[in-house]
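**Q** one predicted model, sequence on top.
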Amino acid sequence: MDKQQLSSILDQESFTTLIVDNRNRVVGSNEAGMYGKNLADIEGDEKILSRQEGSYNTVVNGKSSKVVIANLNPENSWNGLRIISIFTVSDITRDANQVFRLGAVVITASLIFAVVLIYASASLLSGRLLRLSKLMSKVATTIFLSAKSLSVCAVIWISKSSGMKTVWNIA
């Protein structure tokens with residue numbers, strides 16, 4: 001395989017990817033300066049050197065990471081290659097944490113908006129009811145005082161069906 005083609009394929013990966021031969025020497029990488037190094041030179045778990053195909057939790061360069069190892073046996077090749085992909089846990093969870101923070105901001109803003117809206121509508125409604133109550137009290141007091149000053153209390157009843165008016169004077 002052409003070295004430039006291999007480099008262009010590896011450069012498309014957003015995480016550290018190494019291609020290692022059977023002597024643990026890096027023959028391809030998307031990290032600058034890794035080409036030609038031995039796996040033992042990488043600050044990480046020594047178990048990566050001997051691990052078989054699979055995924056493992058380990059610490060690489062001081063960061064908690066997930067390491068995925070896959071074997072690659074090209075045609076007409078005497079030795080096999082291993083593809084080692086290293087994902088830091090913080091990279092894996094970064095997007096989920098951003099979504100969580102965005103959701104928390106949206107929910108908080110919605111709650112604040114809802115509380116303000118409820119307070120405004122309750123204030124408006126209670127203000128109108130208070131004004132109506134004061135007016136009703138004023139009207140009732142005025143009628144009672146007027147009737148008391150005349151020493152007469154009258155009850156008027158009007159029938160809707162006949163339109164007749166009945167007045168009772170109570171002294």
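**A** Received, thanks. Numbering: from 1, shown residues only.
**Q** helices along the protein, start to end?
**A** Using DSSP state H, the helices of the chain run over 3-11, 47-50, 89-150.
**Q** export these to CSV and append columns for distance to Asn76 and mean neighbour count.
**A** C-beta: built from backbone N, CA, C; applies to glycine. Conversion of these to CSV gives the following (distance: least, CB to CB, whole Å; neighbours: other CB atoms under 10 Å):
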stretch, distance to Asn76, mean neighbour count
helix 3-11, 17, 12
helix 47-50, 26, 13
helix 89-150, 36, 10
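**Q** what's the closest of these to Val20?
**A** Among the helices of the chain, the nearest to Val20 by CB to CB is helix 47-50 (9.1 Å).
**Q** mind telling me which of the helices of the chain the model trusts least?
**A** Within the helices of the chain, confidence is poorest for helix 47-50, with a mean of 66 (mean pLDDT).
**Q** coming back round to it: which of the helices of the chain sits closest to Leu81?
**A** helix 3-11 (10.6 Å).
**Q** now the helices of the chain as a markdown table including distance to Ile19?
**A** Converted to a markdown table, those look like this (distance: least, CB to CB, whole Å):
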| stretch | distance to Ile19 |
| --- | --- |
| helix 3-11 | 7 |
| helix 47-50 | 14 |
| helix 89-150 | 20 |
